[in-house]
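Asks: build the 3D model from these lines:
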Amino acid sequence: MPKKVDHDERHRHIAEAVLRIAGRHGLDRATLRDIAVEAGISLGAVQHYFPSKDELLRHVIDYLSEQVTARIMAGLGDLGDAFSERSFLRLMAAEMLPLDARRRAERRVVQAFGVRAADAPHLADPLREGYHWLHDKVAELIGQAQRSGELRPDLDAEHESIALLAMIEGLAFDILLGVRDPDQAMRSVHYHLDRLGTR
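Replies: Down below sits the predicted model:
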């Protein structure tokens, strides 16, 4: 009897192989064959799920979004009674920044996808949709923090959301370049959010 394949597990297994390659030396020259070798499966098996590298990267981006969201939600549970909108924004920034080996690999995949998407509308669309969704959520959190008195009422939540997300993107690039270390980056996030606060 043929062995039954768990397709969700196979998708996850391939995505994790991509992350391991990205963590070691990036994805610029990685081929589907390289990814198959890393995953310990045949090239045909990879191509069965992902006929092109672009399709594979799009899947990995979706996978990473789920992983980051799950970590943020787990962190929220840890906050318990200490929850505040500002603590949530700090937590979100920490999960988006490349503060350890896992998050550095994730960031390298996101950057590789972004470079490819710049010239490929079919790849750029999901990135834009994801950014707009995240921007709206961050603006909503900032608005809630203003209403609760945690952040200054004179802030423009829409512009502050853009500024915070742009800051996180810039700090992520700085960490990968070695311009600043993870602790410095998080201190900058805390400094920025504290400046927005009423206390």
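Asks: helices of this structure, residue ranges please.
Replies: For the chain, applying DSSP state H gives helices covering 7-25, 32-39, 43-49, 53-79, 85-96, 101-117, 121-147, 157-177, 182-196.
Asks: now the ones you listed in a markdown table, with mean pLDDT and mean neighbour count?
Replies: (Glycine included, C-beta is placed from N, CA and C.) Compiled in a markdown table, these are given as follows (pLDDT from 0 to 100; neighbours: other Cβ atoms under 10 Å):
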| stretch | mean pLDDT | mean neighbour count |
| --- | --- | --- |
| helix 7-25 | 89 | 17 |
| helix 32-39 | 93 | 17 |
| helix 43-49 | 93 | 15 |
| helix 53-79 | 86 | 16 |
| helix 85-96 | 92 | 20 |
| helix 101-117 | 87 | 19 |
| helix 121-147 | 89 | 15 |
| helix 157-177 | 96 | 17 |
| helix 182-196 | 96 | 15 |
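Asks: quick one: contacts for the spatially most central residue of the chain?
Replies: In the chain, the residue lying closest to the centroid (Cα atoms, centre = their mean) is Met96, at 4.9 Å. Shown in contact with Met96 (Cβ atoms under 8 Å, 6 or more residues apart in numbering): Val68, Ile168, Ala172.
Asks: now with 10 Å, please.
Replies: Contact analysis of Met96 by Cβ atoms under 10 Å, 6 or more residues apart in numbering lists 68, 72, 103, 106-107, 110, 134, 165, 168-169, 171-172, 189.
Asks: how about Gly40?
Replies: Taking Cβ under 10 Å, 6+ apart, one finds His13, Ala17 in contact with Gly40.
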